[in-house]
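Colleague: Quick one: sequence and predicted model below, then my questions.
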Amino acid sequence: QVQLVELGGGLVQAGGSLRLSCAASARTFRNYAMGWFRQAPGKEREFVATISGNGGRTDYADSVKGRFTISRDNAKNTVYLQMNSLKPEDTAVYYCAAALRPFGIATTAVSYDYWGQGTQVTVSS
């Protein structure tokens, strides 16, 4: 069982930045691909970004490319999402997820085995 705890959400003005972090309890954190998803009110959960176990591969949703950066520190069992140039449409609950997949990445929610509780990000116009 892997527990994930997200931190770093909050309220920010459009054009601002936030950094989310997600701490994992996994003993072999490097064996997990990690992902960030988000869900806005009345909408389905959507993929944001993913990173492979060794950090060598990443992928992003088109809507966040060039603005968001996913990274990880395996020594700290933590994955990050740096969000720059935030827009009101980025407002959502952001979820961290882990997939037991040592060498790949995953862009679909069904691929993930464990989920965090979510953290609210609100971008005001």
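Modeller: Right, received. Where do you want to start?

Colleague: The residue nearest the centre of the chain bridge partners, please.
Modeller: Closest to where the C-alpha atoms of the chain average out (CA atoms, centre = their mean) is Trp36, at 2.3 Å. Trp36 has the following beta-bridge partners by DSSP bridges: Ala49, Cys96.

Colleague: Surely it touches Val48?
Modeller: Yes: using CB atoms under 8 Å, Trp36 is in contact with Val48, at 4.3 Å. C-betas here are computed from N, CA, C, even on glycine.

Colleague: Mutual contacts of these two, please.
Modeller: Shared contacts of Trp36 and Val48 (CB atoms under 8 Å, 6 or more residues apart in numbering): Leu81, Tyr94.

Colleague: ok, back up a step: what residues does the residue nearest to the centre of the chain make contact with?
Modeller: Trp36 is in contact with Leu20, Cys22, Val48, Ala49, Thr50, Ile70, Val79, Leu81, Tyr94, Tyr95, Cys96, Ala97, counting by CB under 8 Å, 6+ apart.
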